[in-house]
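Novice: I'd like to go over a predicted model; first the sequence, then the structure.
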Amino acid sequence: MDRHAFVTGGGSGIGLATAKALAAAGWRVTIAGRTEARLRDVAKAIPGARIQPLDVTDAEAVPEAFRETVAAAGPISLLVNNAGSVIAAPFEKTSAEQWDAMLDVHVLGAVHCIQAALPQMKANGWGRIVNIASTAGLVGYRNLSAYVAAKHALIGMTKALALEVAKTGITVNAVCPGYVDTEIISSAVAKLAERRQQSTKDARATFAAVNPQGRLVKPEEVAAAVLWLASDEAAAVNGIALPVAGGEVS
Ligand code: NAP
């Protein structure tokens, strides 16, 4: 089996940590995202990495991007659906456009990529799909209704598809990080600090306090979970939503 991984949102945060961990474990990696300059920059630190500019919400561009990737670097055996962003707003102030944006990137974005990758995985009789969901896919959080709903939907899709492909050598799982030390959280910390007129350090402590371990999760800790789900040894692990959150949820 050819170990070639396609990581969406691979230019930063969890996706980048995952790409690095996969490359260190011997996988060939394609990193995809919308900001080509950033992909180019970070790819230098990932041995043999290929970059693929891609907006996962663009239903027409996704199949073409996967065709290009396979032509250039061979069949994809691991798809990590990690691309995402957060919209935080009270429910009554969350617009229809914001709902669309969350469902587009977290649910349909993953669906487009899976539809593009699945036929070849089936033909090869081996495949791994790992969806980076969130603890927000397992429980609710205030002022994040669209994000929470989208991540719940992503986990639902994960469980249903896992059953459909169970006899094909493919597994489909979700990883559910708590608050992770990445750009998404840095910008949430900055906004909270401004709103509460407090220091960045104090705002950051508010997020860390949600985790029973009293800290933010490291991107590398999420990457380690992906690596395990991608392994041959995890072949019997299918349709799970694995929290990586220090005990915040179980
Ligand atoms: P991040 O550093 O902001 O990474 C998000 C990545 O997704 C960026 O590289 C971004 O690159 C890419 N992206 C966004 N929209 C995209 C689109 N439409 N098409 C392709 N790429 C897109 O934040 P992160 O924390 O690592 O987030 C990664 C995933 O983890 C997200 O799905 C997030 O919901 C999830 N997560 C994060 C946390 C946390 O606390 N940080 C917790 C639980 C789950 P471009 O802008 O260049 O496209």
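Specialist: Cool, got the structure.
Novice: SS state for Q52?
Specialist: strand (DSSP: H, G, I helix; E, B strand; the rest coil).
Novice: name the SS class of the spatially closest residue to it that is not a sequence neighbour, please.
Specialist: The shortest distance from Q52 to any non-neighbouring residue, by C-beta to C-beta, 6 or more residues apart in numbering, is to A32 (4.3 Å). C-beta coordinates here come from the backbone N, C-alpha and C atoms, glycine included. Under the three-state scheme (three-state DSSP), A32 adopts strand.
Novice: i'd like the first residue to be 43 from this point on
Specialist: OK, 43 is where the count begins now, so the last one is A74.
Novice: how close does A74 get to V122?
Specialist: Note on A74: its distance to V122, by C-beta to C-beta, to the nearest Å, is 10 Å.
Novice: spit out the residues that contact those two alike.
Specialist: Any residue near both A74 and V122 by C-beta atoms under 8 Å, 6 or more residues apart in numbering counts here, and that gives 48-50, 52.
Novice: so which of those would you say is closest to the ligand?
Specialist: T50 (5.4 Å; C-beta to the nearest ligand atom).
Novice: residues near the closest one, how many?
Specialist: Neighbourhood size, T50 [other C-beta atoms under 10 Å]: 28.
Novice: next up, the contacts around it.
Specialist: So T50 contacts 57, 74-75, 96, 98, 122-125, 151, 155 (C-beta under 8 Å, 6+ apart).
Novice: ok, 10 Å please
Specialist: By C-beta atoms under 10 Å, 6 or more residues apart in numbering, the contact set of T50 is 57, 72-75, 94, 96-98, 104, 107, 121-126, 147, 151-152, 154-155, 174.
Novice: quick one, longest strand in the protein?
Specialist: Assignment by DSSP state E gives strand 212-219 as the longest strand of the chain.
Novice: ok, and what's touching the helix or strand following it?
Specialist: Downstream of strand 212-219, the first helix or strand assigned by DSSP states H and E is helix 225-238. With C-beta under 10 Å, 6+ apart as the contact definition, helix 225-238 has outside contacts at 54-56, 126-128, 130, 186, 221, 223, 240-250, 258-259.
Novice: buried set for the worst-scoring helix or strand of the chain on mean pLDDT?
Specialist: Least confident helix or strand of the chain, by mean pLDDT, DSSP states H and E, is helix 225-238 with a mean of 93. Neighbour-count burial for helix 225-238 flags 226-227, 230-231, 234-235 (criterion: 16 or more other C-beta atoms under 10 Å).
Novice: could those go into JSON lines alongside distance to the ligand?
Specialist: Output for these, formatted as JSON lines (distance: C-beta to the nearest ligand atom, whole Å):
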{"residue": "I226", "distance to the ligand": "4"}
{"residue": "I227", "distance to the ligand": "5"}
{"residue": "A230", "distance to the ligand": "8"}
{"residue": "V231", "distance to the ligand": "10"}
{"residue": "L234", "distance to the ligand": "13"}
{"residue": "A235", "distance to the ligand": "16"}
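Novice: mind checking which of the shared contacts of A74 and V122 are in helices?
Specialist: When DSSP state H is applied, the shared contacts of A74 and V122 are split such that none fall in helices.
Novice: what about the ligand: which of these touch it?
Specialist: Applying C-beta under 6 Å from any ligand atom, the subset of the shared contacts of A74 and V122 adjacent to the ligand comprises T50.
Novice: what about the residue of the chain most remote from its centre, distance to A130?
Specialist: Farthest-out residue of the chain from its mean C-alpha position, per C-alpha atoms, centre = their mean: Q239, at 31.7 Å. Using C-beta to C-beta, Q239 is found at 18 Å from A130.
Novice: now do S228
Specialist: 14 Å.
Novice: can you check R92 too?
Specialist: Distance from R92 to A130, by C-beta to C-beta: 34 Å.
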